[in-house]
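Undergrad: compute the structure for the input listed below.
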Amino acid sequence: MDSLKLLLVASLILAVGFRPVEADAQEPGEHEWTNVTELSFLLSGGNAGASSLGLRNAVRRTAPNGELRIDLAAIRTDAIRSTRVAEGADSDDYVVREDRERDRTVERYSIQLRYDRNLSDRFYAFGGSSWDRNEPGGFEHRTVTVLGAGSRWGPGGDEWRLRVGYGVTYTVQRDVTPDPDRDDSFAGARLTLDHEYHFSEGARAESSWTIDGNAQRMRDFRGDLTTSVSSQLGSRLALQTTVQLLWDNDPPLERLPLLGPDGEASAEDVLEPLRRLDHSLSVGLAITL
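TA: Coordinates of the predicted model:
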């Protein structure tokens, strides 16, 4: 079973298993489970083919003493390239042969777990761990563990909320093409900023900033900005647009063949960094359970 199937199964378990049934049996305000699943899918065929699947799942458990968050995300895009040739003795006697090749152009998976423990009405401590896989982005997997504290800001109602956090991290990363000058595990620091704003009843925007730095390699820092805007279509259904920007200031390396002046491949390869910015835009249905 590949990574996408594992995430789909996990999302289904979360969507079914974390419906707020238990919360109904508890005293009001004691704790509450919520689950929001966002799905987007594209399929095209004919002379050219492509398929794209996007999945985001957010589970929240809120209680007077803290909040538990579990986030899953998967993006996979396949392009089907078709090559047709005619074979035969002449233009009046031939057959057409078609070859199709599937190329996976985008494949990203992530799982994040975080718990916030309230220290007072404004201040909190938090801990968590995340796992990411992005081979087109240069790494097979990355695991980050974080401990920290932060503060909350806002009027205390549903109009807007702001949460700022500071933490220390430990990262383990395995690149597709290992960098001989970089360790695959290192300590670092993290800055987070989460903002939620309600435009009106049934319409809101959420933004999450995460900046991770490598304490052993100052130019090695990463940023993740995810912003979503949702509009309610019903009590449990919403139209949601999500934009994600991933910045890696010191990206993993890619091994490239070295071509000579005549265009022929030489016996040498060169190591070049990948692009620093990855971005995605998804529009889909968000289901709240």
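
Undergrad: list the helices and strands the strand or helix carrying residue 87 packs on?
TA: Assigned by DSSP states H and E, residue 87 belongs to strand 66-90. Counting contacts by 3 or more CB pairs under 8 Å, 6 or more residues apart in numbering; DSSP states H and E, strand 66-90 packs against helix 3-17, strand 49-63, strand 93-118. For every residue, glycine as well, the C-beta is placed using N, CA and C.

Undergrad: out of the ones you listed, deepest packed?
TA: Compared across the helices and strands packed on strand 66-90, strand 49-63 shows the largest average neighbour count, a mean of 18 (mean count of other CB atoms under 10 Å).

Undergrad: centre of the chain to that one, how far?
TA: 9 Å (CA atoms, centre = their mean, to the nearest Å).

Undergrad: which is the succeeding secondary structure element to the helix or strand of the chain with the lowest mean pLDDT?
TA: Least confident helix or strand, the chain: helix 21-25 with a mean of 40, by mean pLDDT, DSSP states H and E. Later in the chain than helix 21-25, the nearest helix or strand by DSSP H and E is strand 32-44.

Undergrad: helices and strands around that following strand, which ones?
TA: Here strand 32-44 touches helix 3-17, helix 21-25, strand 49-63, strand 277-288, going by 3+ CB pairs under 8 Å, 6+ apart.

Undergrad: mean pLDDT lowest where, among the ones you listed?
TA: Lowest mean pLDDT within these: helix 21-25, at a mean of 40.

Undergrad: give the contact list for residue 73.
TA: 55-57, 108-110 (CB atoms under 8 Å, 6 or more residues apart in numbering).

Undergrad: the residues you listed: which two are farthest apart?
TA: Pairwise distances across the contacts of residue 73 (CB to CB) peak at 14.5 Å, for the pair 57 and 108.

Undergrad: how about the strands in the stretch 101-250 of the chain?
TA: For the stretch 101-250 of the chain, strands defined by DSSP state E, counting those that start in this stretch occupy the ranges 123-134, 139-153, 160-175, 185-200, 203-214, 221-232, 237-248.

Undergrad: separation between the residue lying closest to residue 45 once chain neighbours are set aside and residue 148?
TA: Sequence neighbours aside, residue 80 is the residue nearest to residue 45 in space, at 7.8 Å (criterion: CB to CB, 6 or more residues apart in numbering). From residue 80 across to residue 148, the span is 45 Å (CB to CB, to the nearest Å).
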